[in-house]
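In: Here is the input, now give the coordinates:
(one chain, ligands or ions: 1)
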Amino acid sequence: MQPLLIDTHTHLDSHKFDDDRAEMIERARAAGVHMLVNIGFNRETIPSTIALAEQYDFIYAAVGWHPVDSIDMKPEDLEWIASLCDHPKVVAIGETGLDYHWDTSPKEVQHRVFREQIRLARQKKKPIVIHNRDAHEDIVRLLQEEKASEVGGIMHCFSGSWETAKKCMEMNFYISFGGPVTFKNARVPKEVLARVPLDRLLIETDAPYLAPHPHRGKRNESAFVRLVAETAAEITGKTLEEISKITTENAKKCYGIE
Ligand code: NI
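Out: Prediction:
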C-alpha cells in the first residue's frame, strides 16, 4: 500500500504544467499524495489557485502576496485576499514574508506588506505561509512584533539555522522542508531537520521549483514529495509510513483540514 502524503506547498497552476497538468496531478495521486495545498501569491496566481481548488476536492488553496511582488500590492489587493479568506477551500494566508535576495521591492515596502498580511491572518484566524530568503532576523522580529504566534503557520522550504527554527516554533510555526534537504551537500537543513520535534515537521515540493535529488535542476512536481519524505525518514530514523502519517497529521492540524 502507498503511504498517504500531503504536499503542503505547491504551484500546480504554473505555466510550466500547461501541457500536462492533469497527468501530473494523476502521477501525484499514484505516488500517494492524497492532499495538496496550492499557493497563489499575486494577481495572476490567486485566481488560478482558486480555480484548481474548485476543480479538485483534494486541492486546497493559500492566498497571499509574495514579498518579491510587494511593490505591486494595492489596498484593494489586500481587500481581495481578505474576501477570499471566506472561501471554503482557502486554508491559509501566503505565501508572504521577506526576500532580500532578489531585491525587486524595497525593504520598507516588503515590511509593510508583510505586516498587513500578518494582521489580516490574525483577523481571519488563518495560519500564515512564510517565504524567507536571506531575511532570518527581520522575519523573526516582524512575526514577534505583529504577534503572529496567535495564528502560527508554516516556515516554507526552511533554510535557516536551528536558532531561527527554534524561535519560529516558539511562535507556533511548523518547519517545512522541500527538495533542497535531499541534496547531498545540504548539511545545515539535514541537521535542522534532525532536531525539529516530529510534531512540528512538514514536507513540501514548491513545484515546479526546487526539485529534489535525483531531479535537481529539472521541473519539480508534487509526486516528488515522496523523495522528501524518504529523506526525512532516513534522517529521523523513522519509516516512510511513520513520516507520512506524522506530516499528514501536522499539515491537517496546521491548515485546519478535516
Ligand atoms: Ni512557493
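In: Please work out how many residues are found near Y100.
Out: Y100 has 15 neighbouring residues, counting by other CB atoms under 10 Å. Any C-beta I mention is one placed from the backbone N, CA and C, and that applies to glycine too.
In: In three-state terms, label V37 for me.
Out: strand (DSSP: H, G, I helix; E, B strand; the rest coil).
In: I'd guessed it sits against G94; true?
Out: No: using CB atoms under 8 Å, V37 makes no contact with G94, being 9.7 Å away.
In: For V113, which non-adjacent residue is spatially closest?
Out: S70 (4.1 Å; CB to CB, 6 or more residues apart in numbering).
In: how about the strands in this structure?
Out: Taking DSSP state E as the criterion, the chain carries its strands at 5-10, 33-40, 59-63, 90-99, 128-133, 153-155, 173-177, 201-203.
In: among those strands, which is nearest Q144?
Out: strand 173-177 (11.5 Å; CB to CB).
In: Okay, now the sheet partners of the closest one, with direction.
Out: When pairs are called by DSSP bridges, strand 173-177 turns out to pair with strand 153-155 (parallel), strand 201-203 (parallel).
In: most neighbours per residue, which of these?
Out: strand 153-155 (a mean of 28; mean count of other CB atoms under 10 Å).
In: I'd like the strands of the chain as TSV, with distance to G217 and mean pLDDT appended.
Out: Formatted as TSV, the strands of the chain follow (distance: least, CB to CB, whole Å; pLDDT from 0 to 100):
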stretch	distance to G217	mean pLDDT
strand 5-10	18	98
strand 33-40	22	98
strand 59-63	26	98
strand 90-99	21	97
strand 128-133	19	97
strand 153-155	24	98
strand 173-177	19	98
strand 201-203	20	98
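In: Quick one: distance of the helix ranked longest in the chain to the chain centre.
Out: Across the chain, the longest stretch assigned as helix under DSSP state H is helix 107-124. Remark: helix 107-124 is offset 17 Å from the chain centroid, using CA atoms, centre = their mean, to the nearest Å.
In: just to revisit the earlier point, got any residues that touch both of V37 and G94?
Out: Shared contacts of V37 and G94, defined by CB atoms under 8 Å, 6 or more residues apart in numbering, are found at A62.
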